[in-house]
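Enquirer: 3D, please:
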Amino acid sequence: LKRVVWIFAAGCFLASHFLLKEADMEHTGLRRRSSISAKISPTNSPARSDTSTSSRNSTTSTTAASSSDSSPSVRIRTRSKSRAQKREDRNTSSEGDLAAGFVPRISLGEPGLLPKLCCMLPGFLLFAMMLMLLVAGWISPDTFYVITAILTMINMTWVANLAIFSGVGAWRMRSASSINWHSLLEEDPVTHFVVLPNYQEDEAMLRETLENLGRSPSAEKHMRIVLAMEAREGPNTQDKAERLMAATGHLFEDMMATYHPPGIAGEVAGKSSNTQWAFRQLWKKYGVELHQRDLSSVFMTVGDADTLWHPQFFSAVTFESQRLTEEERSWSIWQPPVLPLRNFNTVPRLTRVTAYGTLMFELASLVNQYFGSHLAYSSYTMPLTLACHRLVQGWDSDVIAEDHHMFCKCYFAAMWDSLDVAAPGDCRSAIKPKVELRPIYLPAISFLVEANGWWASTVARFQQARRHSQGVAELGYVLLQYVRLMAAGFSRLSIRAHRGILSIAAKMFIIHIFNSVQAFSVVVTVSMVIPRILAWVWSGGLSVAAGSLMTQGVAVTIGAESGNVAKWLFVAAFGPTAPLAFLIGVTLYLVISDVLEGRYTKDATGETKDCIESLTLWRRISLIGCIQHDMIALGEPVIILYGLIPVTLAAWSLLFSGTKFEYIVAAKPT
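Expert: The predicted structure follows:
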């Protein structure tokens, strides 16, 4: 075991040393090119307006949208800048001027050895840890069982953290939903843009989403809707958008539809590229007006087409933002708990268990941000100062995990901005994280994946798990940003900055890699133990054990007859203890029962909407039993089916194909 640990630690040290050396060489080359550029052109070159990788790579003018209106760019204001400089920064390009020290867009898909290595790292970590388990099991089964037990204990600690803090989150949701947030607003000088990217979504479901948004007391005067349609959906796309706008347009201040064209070079078809297109078209339409406003009070909310926001959510965002300074507001992202429970009663049990995990992870992560920030997920809100910042420039159109990637992009943009605005040679001021994800405990409720029939729904959920697992690439993106930051200004990074970045990387590592390795260890354990147990039974051990059981008891019998194999199997395969399982069940029951009874879908007058069912005493008891059964009987199979297998496929793709993922559309109920 010591040798395995030392080998793994040495490999990590050598890899980090090589990555830092490569980043330092890359940064030295960038500075050399910058100095040459400065000698050739003493004055700053005009900025090129371009907001995405697809625009840089495309040769057609229709995809570039190169006017200043369609390419917003602002720098978040700092005290060291004059007003004239601030106004000038609003028109800065996404490319900037290398001679002025601007950092180009960082992407795993860019050429070079360092991005390639960072892209491959998640796959290397996953398969290296799996290989170490196999080697340990082949050389020394006892060592393998010890490693498996350690992995399981760490996993139990992680689950305990989720259980405790998700319980706190459930209480905070109940408390927040009892407040009339809109009545707390003295004035409402803000605008909320709500972008709904969608592709092949049911029209009735979209209309229900829009009608739910219309229940917000801020909708009629302060909310503008952007239906982000995909042109590749077919010729009826525009007709569907027009019908939706005609039916629900009167509920909002304004409403528009955008049509994301297919086949743009460098893009990955999906939510991120569609959102970026809608963002550019939004700015093209409203850019003149927005240039006259404080963009830190103009918010952009991105959500899935099936999301039902709490009607008071946007008022709560407005209220919380008004309590912040302009700079704090400009570096903030607001996140509601996402509860995929709209069709809780109709999906297969395997799919239902994944909802338990999502619910607990989102609630617990929003509550427990003491060691590091939570990541934006599915539906989130940010000010336009952040979305339009010259180092952010909207959403990257070549990624799959749009939510996590956008958060990480903004998180690192704040640090690059601090490096960029500092005076040359100033190494005294430490760079600290400025982006903060702020929870709003008013949940956004969405659908679980569902198709026609049990088997079709199970397959559809697996396809969605494959798409979610492609987010493992974001671990490589975080590493790439981190290594380049250290190469550019290692002495300037504060301890808090290091801790914040490492906590984000650790969270991604646990979600995608550690949990998969732990599930893999269980699979290997079962494959090793079952043959031994069968051989033991065949040799007459069962009859001997029965006699021993009568005279010596269960514990002594298990230890003596099975060589402690059954003990290790129990520790490795069965997750939480009974008290922990009970705590999880209580938390899940509180949240699910509230959703089923419509607590979180009330309109502005307090009337309950979309109540799925009224829970009788017997229904409540059966709901608790159903939750406990699902977790105990299906927890580990779900982790293997929807975690281990999809993550392994995604990691393999990263190793050999880079970030060339295919966006997989999940089926939704109609």
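
Enquirer: contacts only, for Trp395.
Expert: Ser52, Ser272, Ser273, Thr275, Gln276, Phe279, Glu402, His405, Met406 (C-beta atoms under 8 Å, 6 or more residues apart in numbering). For the C-beta atoms, the positions are set from N, CA and C on the backbone; glycine is no exception.

Enquirer: out of these, which comes closest to Arg467?
Expert: Nearest to Arg467 among the contacts of Trp395, counting by C-beta to C-beta, is Glu402 at 10.9 Å.

Enquirer: by mean pLDDT, point me to the weakest helix or strand of the protein.
Expert: Using mean pLDDT, DSSP states H and E, helix 53-57 stands out as the lowest-scoring helix or strand of the chain, at a mean of 40.

Enquirer: Thr301: what secondary structure?
Expert: Secondary structure for Thr301, judged by DSSP: H, G, I helix; E, B strand; the rest coil, is strand.

Enquirer: that one contacts Pro383, correct?
Expert: No. With contact defined as C-beta atoms under 8 Å, Thr301 does not count as touching Pro383 (10.8 Å).

Enquirer: what's the closest non-adjacent residue to Lys285?
Expert: Leaving aside its chain neighbours, Lys285 sits nearest to Met256 (6.4 Å; criterion: C-beta to C-beta, 6 or more residues apart in numbering).

Enquirer: that neighbour: how many residues sit nearby?
Expert: Residues lying near Met256 (other C-beta atoms under 10 Å) number 18.

Enquirer: and it, that's in a helix?
Expert: No. Assigned with three-state DSSP, Met256 falls outside any helix and is strand.

Enquirer: give me phi/psi at the residue nearest the centre of the chain?
Expert: Nearest to the geometric centre of the chain sits His404, at 3.7 Å (C-alpha atoms, centre = their mean). Here is the backbone geometry of His404 (degrees, to the nearest 10): phi -60, psi -40.

Enquirer: the contacts of Trp395: which two are farthest apart?
Expert: Top of the distance list for the contacts of Trp395 (C-beta to C-beta): Phe279 and His405, 14.3 Å.

Enquirer: these two: which is more packed in?
Expert: Applying other C-beta under 10 Å to Phe279 and His405 shows that Phe279 carries more neighbours, namely 27 against 24.

Enquirer: please identify the buried residues of the helix or strand where the more buried one lies?
Expert: Element membership for Phe279 (DSSP states H and E) is helix 271-290. When burial is assessed from 16 or more other C-beta atoms under 10 Å, helix 271-290 yields the following buried residues: 271-287, 290.

Enquirer: check stretch 331-345 too.
Expert: Across stretch 331-345, burial judged by 16+ other C-beta under 10 Å covers 331-344.

Enquirer: what do you get for stretch 447-455?
Expert: Quick answer for stretch 447-455 (16+ other C-beta under 10 Å): Phe447, Leu448, Val449, Glu450, Ala451.

Enquirer: and the fourth one, how far is that from Pro340?
Expert: Put plainly, it is Glu450. Separation of Glu450 from Pro340 (C-beta to C-beta, to the nearest Å): 11 Å.

Enquirer: can you check the last one too?
Expert: Ala451 sits 15 Å away from Pro340, taking C-beta to C-beta as the criterion.

Enquirer: now the strands for the protein?
Expert: For the chain, the strands defined by DSSP state E occupy 191-197, 223-230, 254-260, 298-302, 308-309, 332-335, 338-339, 380-383, 436-439, 444-445.

Enquirer: of all those, which one is nearest Gly643?
Expert: Of all those, strand 338-339 comes closest under C-beta to C-beta, at 18.2 Å.

Enquirer: for the closest one, packing partners?
Expert: helix 349-367, strand 444-445 (3 or more C-beta pairs under 8 Å, 6 or more residues apart in numbering; DSSP states H and E).

Enquirer: change it to 7 Å
Expert: helix 349-367 (3 or more C-beta pairs under 7 Å, 6 or more residues apart in numbering; DSSP states H and E).

Enquirer: the helix it packs on: how far from the chain's middle?
Expert: Distance, stretch centre to chain centre, for helix 349-367: 13 Å (C-alpha atoms, centre = their mean, to the nearest Å).

Enquirer: got the buried residues for that helix?
Expert: Quick answer for helix 349-367 (16+ other C-beta under 10 Å): 350-367.

Enquirer: ok, the nearest residue to Tyr600 once chain neighbours are set aside - contacts?
Expert: Nearest in space to Tyr600, with sequence neighbours left out and distances taken as C-beta to C-beta, 6+ apart, is Pro443 at 5.1 Å. The contact partners of Pro443, by C-beta atoms under 7 Å, 6 or more residues apart in numbering, come to Met173, His310, Pro336, Pro337, Leu339, Tyr600.

Enquirer: right, and Asn343 touches Phe447 too?
Expert: Yes. Using C-beta atoms under 7 Å, Asn343 makes contact with Phe447 at a distance of 5.3 Å.

Enquirer: shared neighbours, the two?
Expert: Pro669.

Enquirer: could you check how far His404 is from Leu437?
Expert: His404 is 11 Å from Leu437, by C-beta to C-beta.

Enquirer: what sits in contact with each of the two?
Expert: Joint contacts of His404 and Leu437 (C-beta under 7 Å, 6+ apart) are Ala376.

Enquirer: wait, Thr458 touches Pro348, no?
Expert: Yes. Assessed by C-beta under 7 Å, Thr458 is found in contact with Pro348 at 5.7 Å.

Enquirer: okay, now Ile645: neighbour count?
Expert: Applying other C-beta under 10 Å, we find 17 residues neighbouring Ile645.

Enquirer: what's the spacing between it and Arg390?
Expert: For Ile645 relative to Arg390 (C-beta to C-beta), the value is 41 Å.

Enquirer: is it true that Val195 touches Asn274?
Expert: No. Using C-beta under 7 Å, Val195 makes no contact with Asn274, being 8.9 Å away.

Enquirer: what do these two both touch?
Expert: With C-beta under 7 Å, 6+ apart, Val195 and Asn274 have common neighbours Ala228.

Enquirer: so what touches stretch 647-667?
Expert: Applying C-beta under 7 Å, 6+ apart, the external contacts of stretch 647-667 come out as 108-109, 119-120, 122-123, 126-127, 199-200, 268-270, 400, 449-451, 460, 463-464, 466-467, 469-470, 472-473, 512, 516.
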